[in-house]
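Colleague: The following block contains a protein sequence and its predicted model.
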Amino acid sequence: MDDTPSRGPGHRDDGARIDIVGLTKRFLTPKGEAFTAIRDVSLTVEPGQFCAIVGPTGCGKSTTLGQVSGLDKPSAGHVSVGGTRVDGITDGVSFMFQADSLFPWKTVLDNVKIGPVLKGMPRAQATVLARDWIRRVGLAGFEDRYPHQLSGGMRKRVAMAAALINNPRILLMDEPFGALDVQTKAIMQTELLALWEEYRPSVLFITHDLDEAVALADRVVIMTTSPGTVKDVFDIDLPRPRGDVQEIRHEARFLELQGQIWQSLRDEVTRAYARTADAA
Amino acid sequence: MTAVSLPGAAAASETSIQSAARASRRRRIAWVWIGRILLAVVVIGGWQLFTELGWVDPFFFGQPSGIWDSLVRLFTVGTAFGSIWENLWVTVQEALYGFALGTVVGVILGILLGTNRYLSAVFGPYIKVLNSIPRIVLGSIFIVAFGLGIFPKVLLAAVLVFFAVFFNAFQGVREVDQNLVSNVRVLGATPLQVARHVTIPSAMTWIIASLHTAFGFAIIGALVAEVLGAQKGIGLIISQAQGNFDPNTVFACMAIIAVFTLVAEYLITLLEHAVLKWRPPVRSEAQSI
């Protein structure tokens, strides 16, 4: 079952553990009212674990990620990464968003290179490293293209290389494949899993696609609607390496788990939908 | 394009389609040029004709042939204030210095206020007030304060340029994709690195777009300040021609400045292509004009 994935340079110890403890985040609305986006969220991501957060739209999933990265400060509670409380930008974190977070004015090479360059790596060395990563995501020969010249899937590959080049201990993904068509999405998921199994960063993966969550993750966290809080946590015991994501979907165990989790998620989705229907 | 027909016939029709497409393109371009030349002939010829016939008084409105004579005179005989080149050079210098000064200050302040919410909240209303006053009048103050030299002209041109560039730089910074900012911040970028890798390149689209209008403002600033009071410059020639009821020379000066502006505009477009070569090649209709 666990055939010890080839541990690359990213062999993980406790430094990659994420503890979210009693996290609450309130925002000031433009009218000056306090709006509670998430309330009392607690969850743990073990080092090297792939954790997916699933929940209806507007349940504060992205807010939770913002706290882990240190871009945002919690209103109450705290986040610890590797046992250290997050205060300011967390070191060794990479982000991947749903929208293309590529620099449209940089070539593929420069986009991938930005991580090491910001870390102060000499340019020549960063270029060699970036070329290697571009090859690894299957884009060799596209180094000098600009993002607008690439397809959606290719842009995601660039974003993936850019996110992984720094060998982060934590990878935060905010619906990274949300905007892709179904086929491309499946291909990208398979490639992400392959890369993740090689480097083993801890992953917090936000999605509203339950199939995606079950196929990719070790642990699936269900969040309730606003204010968002953890409703259920499911451990996914599908064997690794999982290989082709599209084929897992047909396995009996997958369907069984997916069915269980859907029971939990369905109430929340219905409630969220009723709320937006009321508001409309 | 996906021809599923016989290979030989497909190839033959392919070449004929290609040549037909090329021919229709050539024809289109030819017609555009015929239209352009026709328009120029109608406008300038009509002007000449109406003034010849006396329907329009050339004393007030000038006459194309008179403008041409006056141009020839400006370049051969010169003006009361030295050769035309000398005067043109003074105006060009004023416009360029004003353009540079206004652009640099506009970009720096625009980016500064665009990135800093507090500063923009404090300065915002004052900048709006300054923007709403008729700035051209500042020219009188500058001339009173700094004399008839080149400096007050540079200053007026810079003030006009500043606002055009400032608002675009400010807006450009505000339009920066926050995902990109978060992304580099997570990667450990310092505020300076955020500016260098994200804010400035992103705002560059807006800034470069503003340079086209800003250059026009630089010329206006320099000319108006010269009309208000100068010892040399195209504006001075214009104001003297006005005093002599000589519209032809005014039009001739306009033509000279127009040529210079077109050259500068071309250079800005080159700069635009160089800096913004990453942009998808989507040309709006406005850009193709």
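Modeller: It's in.

Colleague: how near is B:Leu267 to chain A?
Modeller: 21 Å (C-beta to the nearest C-beta, to the nearest Å). Glycine gets a C-beta too; all of them are placed from N, C-alpha and C.

Colleague: For my notes, confirm that residue occurs in a strand.
Modeller: No: with DSSP: H, G, I helix; E, B strand; the rest coil as the criterion, B:Leu267 is located in helix rather than a strand.

Colleague: would you say B:Pro125 is within a helix?
Modeller: Yes: counting by three-state DSSP, B:Pro125 is part of a helix.

Colleague: Test my guess that A:Gly48 contacts A:Ala16.
Modeller: Yes: between A:Gly48 and A:Ala16 there is a contact under C-beta atoms under 8 Å: 6.2 Å.

Colleague: what is in contact with the two at once?
Modeller: Common contacts of A:Gly48 and A:Ala16 (C-beta atoms under 8 Å, 6 or more residues apart in numbering or on different chains): A:201-202.

Colleague: Pull the contacting residues for A:Met173.
Modeller: A:95-96, A:203-206.

Colleague: now do A:Ser42
Modeller: Neighbouring residues of A:Ser42 by C-beta under 8 Å, 6+ apart: A:20-23, A:77, A:230.

Colleague: What's the separation between it and chain B?
Modeller: 23 Å.

Colleague: host element of that residue?
Modeller: Element membership for A:Ser42, per DSSP states H and E: strand A:34-45.

Colleague: pLDDT of that strand, averaged?
Modeller: Summarised as a single mean, pLDDT over strand A:34-45 is 87.

Colleague: just how off-centre is it within its chain?
Modeller: Here the centre of mass of C-alpha atoms in strand A:34-45, compared against the chain's by C-alpha atoms, centre = their mean, to the nearest Å, lies 17 Å away.

Colleague: before we move on, the earlier item: which one of the contacts of A:Ser42 is nearest to B:Leu156?
Modeller: Nearest to B:Leu156 out of the contacts of A:Ser42 is A:Leu23 (C-beta to C-beta; 56.8 Å).

Colleague: Secondary structure class of that closest one, three-state.
Modeller: The local conformation at A:Leu23, judged by three-state DSSP, is strand.

Colleague: separation between the closest residue to it other than its chain neighbours and chain B?
Modeller: The shortest distance from A:Leu23 to any non-neighbouring residue, by C-beta to C-beta, 6 or more residues apart in numbering or on different chains, is to A:Gly77 (4.0 Å). To chain B, A:Gly77 is 21 Å away according to C-beta to the nearest C-beta.

Colleague: is it true that A:Gly77 touches A:Asp40?
Modeller: Yes: using C-beta under 8 Å as the test, A:Gly77 is close enough to A:Asp40 to be in contact (7.1 Å).

Colleague: what do the two both touch?
Modeller: A:22-24.

Colleague: for B:Thr103, what are its contacts?
Modeller: B:Thr103 touches B:161, B:165, B:211, B:214, counting by C-beta under 8 Å, 6+ apart.

Colleague: what pLDDT does the first one get?
Modeller: In this case it means B:Val161. pLDDT at B:Val161 comes out at 94.

Colleague: who's in contact with the closest residue to B:Gly78 other than its chain neighbours?
Modeller: Of all residues not flanking B:Gly78 in the chain, B:Ile84 sits nearest, at 6.2 Å (C-beta to C-beta, 6+ apart). The neighbourhood of B:Ile84, defined by C-beta under 8 Å, 6+ apart, consists of B:74-75, B:78, B:237, B:256.

Colleague: Between those, which sits nearest chain A?
Modeller: Nearest to chain A among these is B:Ile256, at 37.6 Å by C-beta to the nearest C-beta.

Colleague: So which elements touch the helix or strand encompassing that closest one?
Modeller: Counting by DSSP H and E, the element that carries B:Ile256 is helix B:247-275. Under the contact definition 3 or more C-beta pairs under 8 Å, 6 or more residues apart in numbering or on different chains; DSSP states H and E, helix B:247-275 sits against helix B:58-61, helix B:64-76, helix B:84-115, helix B:200-228, helix B:234-243.

Colleague: roughly how far is the longest one from the heart of the chain?
Modeller: Spelled out, that is helix B:84-115. 12 Å.

Colleague: Kindly calculate the angle that it makes with helix B:64-76.
Modeller: Calculated by axes from the mean of the first three to the mean of the last three C-alpha atoms, to 10 degrees, helix B:84-115 forms an angle of 100 degrees with helix B:64-76.

Colleague: and helix B:84-115, which residues are buried?
Modeller: Within helix B:84-115, the residues scored as buried using 16 or more other C-beta atoms under 10 Å in any protein chain shown are B:84, B:87-88, B:90-92, B:94-99, B:101-103, B:105-107, B:109-115.
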